[in-house]
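Undergrad: I'll drop the sequence and a predicted model, then ask my questions.
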Amino acid sequence: MTTPQHRPTTRTVGEGEDLITYDVHGDLAQASADRPVLLAVGSPMDAAGFAALAERLDDRPVVTMDPRGAGRNPAGTDPLAPEQHAEDLHRVVAALGVGAVDVFASRGVPSMRWRTPRHTRTRSAGSWRTSPRW
């Protein structure tokens, strides 16, 4: 942890109500098996809630995202089911094209039930006790 990373690059995946906006902090080419991309995500917190964290991590690229219906994504969507939230996260990771990622999530995210390890290497949440489904 030394100097802040450069300005993030904003990207999107999907269209219309399926649009998901995310920010890439750092260079995705710098990801490695030992230091994969860190996906920092909250719910209902948007990417802005993780900006300070992303600026301080210089050992790997960090991706922050706005969950469906929050932040820069279309508002007014139906209530977000955990399965839909998980699918949105998988779409973002697939769009990155970097293989498996590490995930740092707020307390609300464990309900998203990442059922398969196809895109995640490790996961960390703000509260394990309140989220036993992980």
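TA: Ah, there it is. Note that the structure is predicted; figures quoted are calculated from it, not measured.
Undergrad: which secondary structure elements does the longest helix seen in the chain contact?
TA: Of all segments of type helix in the chain, defined using DSSP state H, the longest is helix 82-96. Secondary-structure packing of helix 82-96 (3 or more Cβ pairs under 8 Å, 6 or more residues apart in numbering; DSSP states H and E): strand 9-13, strand 20-25, strand 38-41, strand 62-65. For the C-beta atoms, the positions are set from N, CA and C on the backbone; glycine is no exception.
Undergrad: what about those strands, which gets the closest to Asp102?
TA: Nearest to Asp102 among those is strand 38-41; the distance by Cβ to Cβ comes to 4.9 Å.
Undergrad: could you point out which element follows that closest one?
TA: Going down the chain from strand 38-41, the next helix or strand is helix 51-56, by DSSP states H and E.
Undergrad: Which elements pack onto the next helix or strand after the longest helix of the chain?
TA: Using DSSP H and E, the helix or strand that follows helix 82-96 in sequence is strand 101-105. Packed against strand 101-105, as judged by 3+ Cβ pairs under 8 Å, 6+ apart, are the following elements: strand 38-41, strand 120-125.
Undergrad: Try it again at 10 Å.
TA: Using 3 or more Cβ pairs under 10 Å, 6 or more residues apart in numbering; DSSP states H and E, the elements in contact with strand 101-105 are strand 38-41, strand 62-65, helix 82-96, strand 120-125.
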